[in-house]
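Peer 1: what would the 3D arrangement of this be:
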Amino acid sequence: MPSYSAIFEPDRRGGFIVRILEFPNIVTQAESLSEAREMAIDAVRTFFLGQIATGAPIPEPRRITRTKNRAIHRIALPALDSAKIALYRLFLSSGLRKAQLARQIGIPRTHIDRLFDLRHASRLDQIEAAFAALGHQLVISAKSAA
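Peer 2: Reported below is the predicted structural model:
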């Protein structure tokens with residue numbers, strides 16, 4: 001799954017200020033490291049929801065490995081979100097309209113919007129069908145968390 005780079009800076013009033021390096025306008029705040037990670041994921045998801053709503057592209061993550069003496073935290077979105085974002089990127093580059101994609105996979109046009117909506121728990125078989133209609137295959141793999 002793609003991951004984005006974040007810096008968790010201690011706030012002088014307590015907690016952390018979180019900055020997503022790929023997206024300089026994304027800044028959030030949290031009281032603890034675990035909350036900072038959750039807030040970073042939520043901030044990235046919210047940004048992506050806005051991009052999708054306006055039909056704007058979603059940038060690929062960059063591999064940022066160092067900054068001025070600050071640790072980089074990798075922020076990975078949930079697997080379903082990652083699949084939806086990959087599908088959205090392919091759809092934008094395909095030149096198809098939503099109605100055309102819906103016809104190709106045999107679902108109502110309104111369901112296409114749900115395939116890109118990060119708040120909707122889409123069916124994996126429909127996401128796979130959409131990838132196939134765009135000439136791609138969804139591949140899922142697992143790796144050790146350690």
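Peer 1: mind showing which ranges of this protein have poor pLDDT?
Peer 2: Low-confidence segments of the chain (pLDDT under 70): 65-67, 69, 146.
Peer 1: quick one, longest strand in it?
Peer 2: strand 3-10 (DSSP state E).
Peer 1: output that one as CSV, restricted to C-alpha atoms.
Peer 2: The C-alpha coordinates for strand 3-10 follow below in CSV (Å, rounded to 0.1, in the frame of the first residue of the first chain):
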residue,chain,number,x,y,z
SER,A,3,2.3,5.5,2.3
TYR,A,4,2.8,9.2,2.8
SER,A,5,5.4,11.1,4.8
ALA,A,6,4.6,12.9,8.0
ILE,A,7,6.4,14.8,10.7
PHE,A,8,5.1,14.7,14.2
GLU,A,9,6.5,17.9,15.9
PRO,A,10,6.1,18.3,19.6
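Peer 1: so who does residue 56 touch?
Peer 2: By Cβ atoms under 8 Å, 6 or more residues apart in numbering, the contact set of residue 56 is residue 50. C-beta coordinates here come from the backbone N, C-alpha and C atoms, glycine included.
Peer 1: phi and psi next, for it.
Peer 2: phi -80, psi 150 (degrees, to the nearest 10).
Peer 1: can you check residue 73 too?
Peer 2: phi -110, psi 140.
Peer 1: what do you get for residue 82?
Peer 2: Torsion angles, degrees, to the nearest 10, at residue 82: phi -60, psi -40.
Peer 1: rewinding a little: so what's the gap between whichever helix or strand comes after the longest strand of the chain and the chain middle?
Peer 2: Counting by DSSP states H and E, the next helix or strand C-terminal to strand 3-10 is strand 16-20. Relative to its chain's centre, strand 16-20 lies at 17 Å (Cα atoms, centre = their mean, to the nearest Å).
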